[in-house]
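Visitor: compute the structure for the input listed below.
(2 chains)
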Amino acid sequence: MVFEFELPDVGEGVAEGEIVAWHVEVGDRVEEDQVLAEVETDKAVVDLPSPVDGVILELHAEEGEIVAVDSVVVTIDVDGEEGAAEEEPSEEAESPVEAEQTPATDEADPTSVPEGRVFAPPNVRRLARELGVDIGTVEGTGPSGRITEDDVRAADAGDESAVVEQREEDPADDTAETTTPSSIGTSQPAESAERDRTLAAPATRRVAKEEGIDLNAVPTEKTRNGEAFVEEADIHAYAEAQQAAQKADATGADKADETARITTEPYRGVRRTIGQRMEQSVYTAPHATHHDTAEVSALVDARTELKGRAEAADVSLTYMPFVMKAIVAGLKEYPVLNTELDEENEEILYKHYYDIGIAVATDAGLMVPVVENVDEKGLLELAAETNDLATRARERKLSPDELQGSTFTITNFGAIGGEYAKPVINYPETAILGLGAIEERPVAVDGEVVARPTLPLSLSIDHRVIDGAEAAQFCNTVIEYLENPMLLLLE
Amino acid sequence: MVVGDVTTGTDVLVIGGGPGGYVAAIRAGQLDLDVTVVEMDSYGGTCLNHGCIPSKALISATDIAHRAREAERMGIFADPAVDMQGMVTWKDRLVTRLTKGVESLCEGAGATVLTGRAEFADENTARVVQAGEGQGAESISFEHAVIATGSRPIEIPNFEFDGEYILSSRDALALDAVPEQLVVVGAGYIGMELATVFQKLGSDVTVLEQLDDALPTYEDDVTDVVVDRAEDLGISFEFATAATDWEETDDGLVVHTETEDGEEDSFEGTKCLVAVGRQPVTDTLNLEAVNIDVDDRGFIDTDGQGRTSLEHVFAVGDVAGEPMLAHTAFAEGEVAAESIAGEPAALDHQAIPAAVFTDPEIGTVGMTEAEAAGAGFDPVVGQMPMRASGRALSLNEREGFVRVVADKETEFILGAQAVAPEASELIAELALAVEMGATLEDVASTIHIHPTLSEAVHEAVKGARGESIHY
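Guide: Numbering: from 1, shown residues only, chains lettered A, B, ... in the order given. From the prediction side, this is the model:
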């Protein structure tokens, strides 16, 4: 019996995953629960275990390919279980075929005109062209099955995985092209494209002409109507790269290296997720950032004192648990910083629990594991839990539910260095606190400048929900707790 | 390039200032493209100068006299005198006003307006031969070009247009006297419109048509209404009759004909109007210099955006093929300009409405019942006769009908045919319905003004749902 294994929802509400690596090949015999592949979802990498014993007949995705949940990823010839054969195929018979075929739809040529009648108003048809959706294939949900804007957007979202797949092939082509010497000059001056056709606004074309640049040689990721599209900034960037390259040529730089001036990396997986989240946050929530500094001599002393005891309990005590506690104290006093804006229902959701996200830099990018119920936990417990989450985040061993549901986030960029920043809110939260490095800095005490350890704070708020005064007041409370860690005893 | 040529550059070169060209130019200007339009004759093209507008002006003017004459039933007794020269002068004035308007709209949109004939020198250069050959030429290098050179009347063998005996539609619209007898060759929409005009002006009109019926692209019950009225006006029709030759006589000319069976006949006339169709104008363009494909009838091949086989060159309007309608040209001109500007435009219109300004008018959009069935729909039809319309009767009109075709199951409106007074206006509502993907219920639930002709649309739609009230 043949079993079509569909990509399960490996996280909570995950729509797609990237096949990071296959652990099996066609022809391999696998046992139930044997790891077939590693799949990277929005934030975590999970193992994909085989649900059956059998032999791999076909792998439906390449490594690096993004696969939609519920589409077939592997076909397994299940070991002779005739009994089961009757139930399963009937259940699976419909979806695999669909799943196999639908994601393969290419992005529609926006200039193409559908054959026959289409029951959609002109604005919807234009939207379809803009999104590259073939309106002829869209299922309508309007009156009598008329196609609406939402239908087109839904169809577009469904196509996304297929589109991403398509792009994946491009980098290979690009490298092939970019190693081809340009027709101008003796050496490849800079990363060039070699298109036959490039779309650009006339003003852009004028700039290209002035710069003496062939539009078809300007690298771009942007497209319009499915064709490469170049903007003025691209031309300037390319022109500069050309000039720099020519200079390098003149100084006898190694020509062979020139093709390595720009290399590409796919914008996918965690990187793409981070990008999308940042874009959503910054374009949704108007950010305002408040800066202040805590003089933390007392905190440094307290931590030094407690560190030994913590080590005895095999816990490395950082400043983070203190900060988390101080934040909870601030959130309790100013609950508006522990909220979420529900735009649809026009409500501000106040959260009466304190799950703090800790932004962690990993090789793969930014991750935000969540420490739950911070108000109910002691410093040691928090230290142990934070360390564990951070470690596993760097190893990419976190499960998706450990990366969800924070109510307030801390970003500790100071661990790497720096004083102030403008943190981007972990949307849909409404506030994020950035920590600078604790260092000795000049502080005025009784009319004299003395060196004291200080902790610079950068608090970004969603100004739709929180006002600057509340941000400042919250910071004052946090600073009060950080400067007087004894207060934590009262918590 | 010829020595002495002046070269200028432009983003978009529009060749021809008719409906396709001037709209492309204005739209491109609105989109901040640098546009140059070259027109070798008058702005507004055939439509404004020798087609739509002058013919509608004459039709309307003639109708005023005709209706006054025929209003005895309404208690009006009159015999208006028609000064043909006066009518043509009035028509020429309004045409001039409109062409000036088009030119200033182009300039207002930032387009450079040139007079001359543009021909391709290579794929990115055109030469503009200024009015009056030998006046020198200007070369224009362009990023994109829009060919909008339009069409001209087709000549048939032995009937070369001379403007005196053998008239094109263009000549007929500029006559300064009403011919006593007029032979019209061709019963297409131009032949039918002009035959009606001249019959109403007092000519004795004979229409010769090679096919078996007038207006062959329309359904029989639609054309019957028009042909019956034309015959009532006194027009005589000779179907299945081909004009083979003509000769001058003392009073004008005689047109010789032959039927398929070889039966010969002849018809006398003061003048002969030949209106057998239109052909694309491409011979002015020096198309040999560029690689642009044309079809076997000489129309330029284009894609869903109006792009020719040469990617940066577009063709719009009559030169790009059927349907040769000014409003099609408008739409194509806009799409071409938007495409050049990088917008996701496309000619994805669900239907192109069309009108014939006969008496009564014909207006159609989308599918006929037969076409709907052929396209796989299960058509349902609703029809409202004009004799049941209070407004039609109060206009002293009773002929014709409005018919709507819809899909039975979904009630999507697929098409409509109207042969009725103001059918050209009535069809606009149903064109919107077709374009929007509206259902019968959408239109049936829309309140229509009483008493108007548009109620006939409402009733036809309700009829298709089995819910007629007034019929």
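
Visitor: please compute how far stretch A:317-330 lies from its chain's middle.
Guide: A distance of 27 Å separates the centroid of the chain from that of stretch A:317-330, by CA atoms, centre = their mean, to the nearest Å.

Visitor: count the neighbours of the residue nearest to residue B:62 when sequence neighbours are not counted for me.
Guide: Counting by CB to CB, 6 or more residues apart in numbering or on different chains, residue B:200 is the residue found nearest to residue B:62 once chain neighbours are left out, at 4.6 Å. Every residue, glycine included, has its C-beta placed from N, CA and C. Neighbour count of residue B:200, defined by other CB atoms under 10 Å in any protein chain shown: 26.

Visitor: residue B:200 looks like it's in a helix, true?
Guide: Yes - under DSSP: H, G, I helix; E, B strand; the rest coil, residue B:200 sits within a helix.

Visitor: list the contacts of it.
Guide: B:62-63, B:65-66, B:233, B:359 (CB atoms under 8 Å, 6 or more residues apart in numbering or on different chains).

Visitor: any idea how far it lies from chain A?
Guide: For residue B:200, the distance to chain A (CB to the nearest CB, to the nearest Å) stands at 39 Å.

Visitor: what about that residue, distance to residue A:299?
Guide: Going from residue B:200 to residue A:299 by CB to CB, to the nearest Å gives 102 Å.

Visitor: got it, and residue B:16?
Guide: 80 Å.

Visitor: out of those two, which sits in the busier spot?
Guide: residue B:16 (34 against 23).

Visitor: test my guess that the more buried one contacts residue B:145.
Guide: No - in this structure, residue B:16 is not within contact of residue B:145 by CB atoms under 8 Å, at 10.7 Å.

Visitor: ok, the closest residue to chain B within the stretch 351-491 of chain A - how many residues close by?
Guide: Closest contact between the stretch 351-491 of chain A and chain B, by CB to the nearest CB, is at residue A:427 (29.9 Å). By other CB under 10 Å, the residues close to residue A:427 number 20.

Visitor: cool, and the one 10 residues further on?
Guide: In terms of burial, residue A:437 registers 17 neighbours under the definition other CB under 10 Å.

Visitor: now do residue B:116
Guide: Around residue B:116 there are 17 residues (other CB under 10 Å).

Visitor: how about residue A:459, nearest residue that isn't a chain neighbour?
Guide: residue A:290 (4.6 Å).

Visitor: check which helices and strands whichever strand or helix holds the one you found sits against.
Guide: Here residue A:290, judged by DSSP states H and E, is contained in strand A:287-295. Packing partners of strand A:287-295 (3 or more CB pairs under 8 Å, 6 or more residues apart in numbering or on different chains; DSSP states H and E): strand A:448-462, helix A:468-483.

Visitor: neighbouring contacts of it?
Guide: Counting by CB under 8 Å, 6+ apart, A:281, A:420, A:422-425, A:441, A:443, A:452-463, A:468, A:471-472, A:475-476, A:478-479, A:482-483 sit against strand A:287-295.

Visitor: repeat for stretch B:162-171
Guide: B:46, B:50-51, B:55, B:153, B:159-161, B:175, B:190, B:194, B:246, B:248, B:252-253, B:271-275.

Visitor: go through that stretch and flag the buried ones.
Guide: B:165-171 (16 or more other CB atoms under 10 Å in any protein chain shown).

Visitor: can you list which of those residues are found in helices?
Guide: B:169-171 (DSSP state H).

Visitor: in the stretch 301-450 of chain A, which spans are strands?
Guide: For the stretch 301-450 of chain A, the strands defined by DSSP state E, counting those that start in this stretch occupy A:339-342, A:347-350, A:356-362, A:365-367, A:370-371, A:408-411, A:431-435, A:439-445, A:448-462.

Visitor: turn the ones you listed into CSV, columns for mean neighbour count and mean pLDDT.
Guide: Below are the strands of the stretch 301-450 of chain A laid out as CSV (neighbours: other CB atoms under 10 Å in any protein chain shown; pLDDT from 0 to 100):
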stretch, mean neighbour count, mean pLDDT
strand A:339-342, 18, 93
strand A:347-350, 12, 94
strand A:356-362, 21, 88
strand A:365-367, 20, 81
strand A:370-371, 22, 93
strand A:408-411, 24, 94
strand A:431-435, 26, 95
strand A:439-445, 12, 91
strand A:448-462, 19, 94
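
Visitor: can you lay out the ones you listed as TSV showing distance to residue B:121?
Guide: Shown next, in TSV, are the strands of the stretch 301-450 of chain A (distance: least, CB to CB, whole Å):
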stretch	distance to residue B:121
strand A:339-342	62
strand A:347-350	67
strand A:356-362	61
strand A:365-367	55
strand A:370-371	69
strand A:408-411	63
strand A:431-435	63
strand A:439-445	72
strand A:448-462	61
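
Visitor: out of those strands, the one nearest residue B:302 is which?
Guide: Each of the strands of the stretch 301-450 of chain A was scored for nearness to residue B:302 using CB to CB, and the closest is strand A:365-367 (47.7 Å).

Visitor: per-residue confidence at residue A:258?
Guide: Residue A:258 is assigned 53 on the pLDDT scale.

Visitor: typed the wrong thing, it's residue B:70
Guide: 91.

Visitor: which parts of the stretch 201-350 of chain A are helices?
Guide: A:202-211, A:232-250, A:269-284, A:297-312, A:320-333 (DSSP state H, counting those that start in this stretch).

Visitor: now do the fourth one against strand A:448-462, angle only.
Guide: Which is helix A:297-312. 70 degrees (axes from the mean of the first three to the mean of the last three CA atoms, to 10 degrees).

Visitor: now helix A:297-312: buried residues?
Guide: Quick answer for helix A:297-312 (16+ other CB under 10 Å): A:299-300, A:302-303, A:306, A:310.

Visitor: relative to residue B:77, which of the residues you listed is nearest.
Guide: Nearest to residue B:77 among those, with distances taken as CB to CB, is residue A:299, at 109.9 Å.
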